[in-house]
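Asker: have a look; sequence and predicted model below, questions after that.
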Amino acid sequence: RTALERTFLGYLRTSLALSMMGILVAQLFRLQHSPTPNFHFGFFVLGKPLSCICQGFAIYTLAIGAFRTWRSQNAIVRGKAISGGYEIVALALGIFIFLLLFFSILVAVDVLKEDVT
């Protein structure tokens with residue numbers, strides 16, 4: 001039983017890290033703005049959407065953690081144990097796609113800024 005609680009707290013910790021990253025992105029992208037910002041595709045404009053995506057992935061991580069804890073608890077009641085599962089793969093794949101998207105957007109903004117100057 002204690003292991004399930006620790007596992008859920010691990011998912012909660014990961015979710016909070018993603019949420020804090022979203023807040024950090026929103027604040028830093030709003031602070032880093034030039035006297036003439038690009039209102040179509042720049043750090044200033046992309047701060048809020050990227051922050052919302054971070055918050056969405058934080059909720060996604062917490063939901064998967066809660067579902068996995070519930071599923072494991074039901075299995076323990078029936079005398080079985082669950083190891084692995086599609087939840088872990090879905091979470092890893094989701095966070096990988098999120099980080100890849102995030103990195104590609106940041107590189108695209110940086111390349112666009114280099115072309116303008």
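Answerer: Received it, and whenever you're ready, just let me know what you need.
Asker: going forward, measure contacts and count neighbours with C-alpha atoms only.
Answerer: Fine.
Asker: so for the longest helix seen in the chain, what's the average pLDDT?
Answerer: In terms of residue count, the longest helix belonging to the chain (DSSP state H) is helix 43-77. In this model, helix 43-77 has a mean pLDDT of 87.
Asker: list the contacts for the residue at minimal distance from the centre of the chain?
Answerer: With distances taken as Cα atoms, centre = their mean, the residue of the chain nearest its centroid is residue 57 (3.8 Å). By Cα atoms under 8 Å, 6 or more residues apart in numbering, the contact set of residue 57 is 15, 18, 94-95, 98.
Asker: for it, give its distance to residue 85.
Answerer: 19 Å (Cα to Cα, to the nearest Å).
Asker: next structured bit after the longest helix of the chain?
Answerer: Going down the chain from helix 43-77, the next helix or strand is helix 86-116, by DSSP states H and E.
Asker: which phi and psi values does the most far-flung residue of the chain relative to its centre adopt?
Answerer: Distance to the chain centre peaks in the chain at residue 79, reaching 33.8 Å (criterion: Cα atoms, centre = their mean). Dihedral pair for residue 79: phi 90, psi 20, per degrees, to the nearest 10.
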